[in-house]
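Peer 1: what's the 3D shape of this:
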Amino acid sequence: MRAFVRIASIATATVVVACSGAGGGSNEFPGGTGGAGAAGAGGEAAGGAGGVGGLLADAAPGGNGGGSSDGCSAESRFVYVIDSDNTLYRFDPQVQAPSAFQPIAPMGCHAGEGPNSMAIGRDGFAYVLYGTQDPYSINAYDCAGVFKVDIKTAACAGPSAFQCGSAGFEKFGMGFSTDTAGGTTDALYLSNSLSPQLGRVDLISGQVTAMGVLPGAAEFTGNAKGELWGFFPDQTPPKVLQIDKTNGHTIASFSLGALPDLGFGGYAYAFAFWGGSFYIFYDVEDVDTSTNVWKLDADGSVTKYIPNTGLRIVGAGVSTCAPVEPPK
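Peer 2: I've put the predicted structure just below:
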């Protein structure tokens, strides 16, 4: 899951903000990187619009099937997003309308030009990457730090134990995935945007370990099934790929032909898994007036779930406490 704040438009040499995560947060990409590698388990299809569900708070299932024995708080079961104004929102995937986004507060942390990616931990904190994009080079990014934000209040809890720049990970998407299916321990994974590779974070020591090469820059999201998924908007067409956490290889692939390509102007994207489906927060300035929410279901069907949210979402995150099956 990750978010994006601003990117540079090379054609005009003006600064535009975007986010993606993972993430997630937003990334800037130098253009398509070709195919995604291994064949996938999903296909591209046009799906019908989903129905409007009840409040997420009413469902509140556990990340591994329910109950509170997993140590998860009610707040940690939601999806969270950041807009370009650095405000934290709680997102209810069961509400198919702009009202799904409920503002919490402007985030107490701020550095550089703004947030670029976000992940949500089981500890009740958002991990947010801040930095500044060079307006003249998509491959130059000035990292301003990774900060922890309280998801209940949006208050800043200070710098994270791990910081950007470690092992060459200066700008990245990120997301948590459980160590085992149904487990209650997890790890944070990074997608290096400037030189696409997979990284794993030790949140105690702050050390980042490079695990393998990725097919492109991505926003990450994980889940309580021990899976790691990435949204790769620089592919043609954009793709969602399941990633092997040990080496960066592609396990499964969904092609998203319904989504517009990034184009040459500004863009923002973010990514989250909840209740058996993926939610892609996507804004391409050439074609969109604000962020659209796209929903990708397990059968490969793609729906423009919430058009024109009125927000410019630059980051998203969800913890491994979130449900892995649709609420009943």
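Peer 1: any idea how far the closest residue in space to Asp85 that isn't next to it in sequence is from Asp83?
Peer 2: In space, Asp85 comes closest to Pro106 once its chain neighbours are excluded; the distance is 7.1 Å by Cβ to Cβ, 6 or more residues apart in numbering. Just so you know, the C-beta spots here come from the backbone N, C-alpha and C atoms, and that holds for glycine as well. Using Cβ to Cβ, to the nearest Å, Pro106 is found at 10 Å from Asp83.
Peer 1: and if you look at Ser117?
Peer 2: 14 Å.
Peer 1: for Pro115, same thing?
Peer 2: When Pro115 is compared with Asp83 (using Cβ to Cβ), they lie 9 Å apart.
Peer 1: out of those two, which sits in the busier spot?
Peer 2: Taking neighbours as other Cβ atoms under 10 Å, Pro115 and Asp83 compare with Pro115 leading, 35 against 27.
Peer 1: Packing partners of the strand or helix carrying that one?
Peer 2: Secondary structure from DSSP states H and E places Pro115 in strand 114-120. Identification of packing neighbours for strand 114-120 by 3 or more Cβ pairs under 8 Å, 6 or more residues apart in numbering; DSSP states H and E yields strand 2-9, strand 14-21, strand 24-25, strand 79-83, strand 125-133, strand 172-178, strand 313-318.
Peer 1: Would you mind checking which of those strands scores lowest on average pLDDT?
Peer 2: Mean pLDDT across the helices and strands packed on strand 114-120 is lowest at strand 14-21; the value there is a mean of 30.
Peer 1: Just checking: what are the partner strands of the strand holding Pro115?
Peer 2: Paired neighbours of strand 114-120 in the sheet (DSSP bridges): strand 125-133 (antiparallel).
Peer 1: got the angle between the strand it pairs with and strand 313-318?
Peer 2: Interaxial angle, strand 125-133 versus strand 313-318 (axes from the mean of the first three to the mean of the last three Cα atoms, to 10 degrees): 150 degrees.
Peer 1: Taking strand 172-178 as reference, get the angle to strand 125-133.
Peer 2: For strand 125-133 against strand 172-178, the angle by the same axes, to 10 degrees is 160 degrees.
Peer 1: Show me how far strand 125-133 is from its chain's centre.
Peer 2: Averaging C-alpha positions (Cα atoms, centre = their mean, to the nearest Å) puts strand 125-133 12 Å from its chain's average.
Peer 1: now could you export just the CA positions of that strand as PDB?
Peer 2: Output of strand 125-133 as PDB, limited to C-alpha atoms (Å, rounded to 0.1, in the frame of the first residue of the first chain):
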ATOM      1  CA  PHE A 125       0.600   3.500  13.500                       C
ATOM      2  CA  ALA A 126       0.900   4.700   9.900                       C
ATOM      3  CA  TYR A 127       4.500   4.600   8.500                       C
ATOM      4  CA  VAL A 128       4.700   7.500   6.100                       C
ATOM      5  CA  LEU A 129       7.600   8.400   3.700                       C
ATOM      6  CA  TYR A 130       8.100  12.100   3.100                       C
ATOM      7  CA  GLY A 131      10.300  13.700   0.500                       C
ATOM      8  CA  THR A 132      10.700  16.100  -2.500                       C
ATOM      9  CA  GLN A 133      10.800  15.200  -6.100                       C
END
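Peer 1: how big is the angle separating it from strand 79-83?
Peer 2: 30 degrees.
Peer 1: what's the closest residue in space to Leu259 that isn't next to it in sequence in contact with, if anything?
Peer 2: Among residues not flanking Leu259 along the chain, Pro238 sits closest, at 4.8 Å (Cβ to Cβ, 6+ apart). Counting by Cβ atoms under 8 Å, 6 or more residues apart in numbering, Pro238 makes contact with Phe231, Phe232, Leu256, Leu259, Asp261.
Peer 1: Dump those residues to JSON lines, plus neighbour count.
Peer 2: JSON lines is the format used below for those (neighbours: other Cβ atoms under 10 Å):
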{"residue": "Phe231", "neighbour count": "38"}
{"residue": "Phe232", "neighbour count": "28"}
{"residue": "Leu256", "neighbour count": "23"}
{"residue": "Leu259", "neighbour count": "22"}
{"residue": "Asp261", "neighbour count": "17"}
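Peer 1: Quickly run through the sheet partners of the one helix or strand Trp229 maps to, with directions.
Peer 2: Assigned by DSSP H and E, Trp229 belongs to strand 228-232. Strand 228-232 sits in its sheet next to strand 219-222 (antiparallel), strand 239-243 (antiparallel), going by DSSP bridges.
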